[in-house]
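# return a 3D structure for these sequence lines:
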Amino acid sequence: MLNYLEQGWGHQFVKAFGMSFSIAIISFVLSIIIGIGATLLASSRIRFAAAIVKFYTYLFRSLPGILLLLLIFYTADSLIQSLVKFLTGTSDASVSPVVPAVLSTSIVLGAYATELFKAGWADISAGQHEAGRALGFTRFQSLALIILPQIYRKVLPHLGSLWLISMKETALLSIIGIPDIVRIASLGARSTGAPFTFYGIAIAIFIAFAFASSRVFSYLEGRSRRSMGAI
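So this is what the prediction gives:
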C-alpha cells in the first residue's frame, strides 16, 4: 500500500478528500439554512405554507439522491447553455459538476434538516415566544436569542448524523466525473489491479472521518450541556 501512496496516489487521495469534504460542508451548511427557512415558513401564517413544506420533505426524503443528482446535472447544463445562447448568441457555456453536486445534496439533506428543526420547534413552549415579546424583542431577536439556541441544543445530536450523511452522499459524485474519494479509489483499482488496496483506503478514510466527526460532536454536546447547567 505504501508503494502505491508513494507513486502519487496518496496525493490524489488527499485532493479527493479535500473535494469531498468541501462539497459535504457546503451542502451541510446549506441544508441547515434550508431546514431553518422551511421550519419558519411552515410555522408562519402564510396560506398553504405548511402543506408546501410537508410536500417538500415527503418528496425529497422519498427520492434516491442519485436521481436528483442526475436530473440537476443534465438539466442545469442545458439550461445555462440555453440562457447564454439567448443572451449572447453563443452556446459555449457549461456548468461545473460541483454545482449540481452541491444543489442535489443540499436539497435532499435540507428535507431531513427541516424535519429535525420542525421537531425542535414543536418542543419549544408558547411561553418562550411570549417571553421575547415581553422583553421587547423583535421577532428576529426573539428567534436568534431565545428560540434557535434552544432548538440547537435539542437537534445537535441529530445534526451529527446529518453531517455524516452529507459526507457519505459525496460517494455518489463520482458518477458525474467529480474526483472524489470513491472515484480516485476506482481509478486506482483499475489502473493498478489492486482493488482491495484502493477501496480499503477509501473505507479507512470514511471510517476515520466518522470517528473524528463523532468526537467533535460529542464535545459540542458536552459543551452544550454544561452551558445549560450554568444557566
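# quick one: contacts for Thr75?
Under the criterion of C-beta atoms under 8 Å, 6 or more residues apart in numbering, Thr75 has no contact partners. Just so you know, the C-beta spots here come from the backbone N, C-alpha and C atoms, and that holds for glycine as well.
# need the contact list for the residue nearest to Phe73 when sequence neighbours are not counted.
Closest residue in space to Phe73, ignoring its immediate chain neighbours: Pro100 at 4.2 Å, by C-beta to C-beta, 6 or more residues apart in numbering. Pro100 sits next to Leu69, Ile72, Phe73, Ala76, Ile176 when contact means C-beta under 8 Å, 6+ apart.
# just checking, which of the residues you listed comes out lowest on pLDDT?
Within the contacts of Pro100, the minimum per-residue pLDDT falls on Ala76 (71).
# tell me if I'm right that that one and Val99 touch.
Yes: between Ala76 and Val99 there is a contact at 6.3 Å, judged by C-beta atoms under 8 Å.
# okay, those two: which has more neighbours?
Ala76 (18 against 14; other C-beta atoms under 10 Å).
# give me the distance between the more buried one and Leu69.
11 Å (C-beta to C-beta, to the nearest Å).
# likewise for Ala210?
For Ala210, the distance to Leu69 equals 22 Å [C-beta to C-beta].
# burial count for Ala122?
Other residues close to Ala122 by other C-beta under 10 Å number 11.
# no wait, Pro179
By other C-beta under 10 Å, neighbour count at Pro179 equals 17.
# that older thread, with neighbour numbers in mind, choose between Ala210 and Leu69.
Higher neighbour count among Ala210 and Leu69: Leu69, with 23 against 15, using other C-beta under 10 Å.
# ramachandran angles for that one?
Backbone torsions for Leu69, taken as degrees, to the nearest 10, come to phi -60, psi -50.
# any buried residues in the helix ranked longest in the chain, and which?
Among the segments of the chain that qualify as a helix by DSSP state H, the longest is helix 195-229. Buried residues in helix 195-229, defined by neighbour count with 16 or more other C-beta atoms under 10 Å: Thr197, Phe198, Ile201, Ala202, Ile205, Phe206, Phe209, Phe217, Leu220, Ser224.
# next up, the contacts around Phe17.
Ile181, Ile205.
# tell me the secondary structure at it.
Phe17 falls in the helix class when you classify it by DSSP: H, G, I helix; E, B strand; the rest coil.
# any figure for the gap between it and Pro179?
10 Å.
# again, but for Ser104
Going from Ser104 to Pro179 by C-beta to C-beta gives 17 Å.
# do the same with Ser43
Noted for Ser43: a distance of 41 Å to Pro179, by C-beta to C-beta.
# for the residue most central in space within the chain, which non-adjacent residue is spatially closest?
Centroid-nearest residue in the chain, with C-alpha atoms, centre = their mean: Phe28, separated by 2.8 Å. Excluding the flanking residues, the one nearest Phe28 by C-beta to C-beta, 6+ apart is Ser166, at 4.4 Å.
# tell me the helices and strands packed up against the host helix or strand of the one you found.
Using DSSP states H and E, Ser166 maps to helix 148-169. Packing contacts for helix 148-169, counted by 3 or more C-beta pairs under 8 Å, 6 or more residues apart in numbering; DSSP states H and E, involve helix 10-42, helix 98-122, helix 195-229.
# what is the burial count for Tyr74?
Close neighbours of Tyr74, defined as other C-beta under 10 Å, add up to 12.
# on the pLDDT front, check it for me.
On pLDDT, Tyr74 comes in at 81.
# then Leu116?
pLDDT for Leu116: 91.
# can you pull the contacts of it?
Gly35, Val155, His158, Leu159, Leu162.
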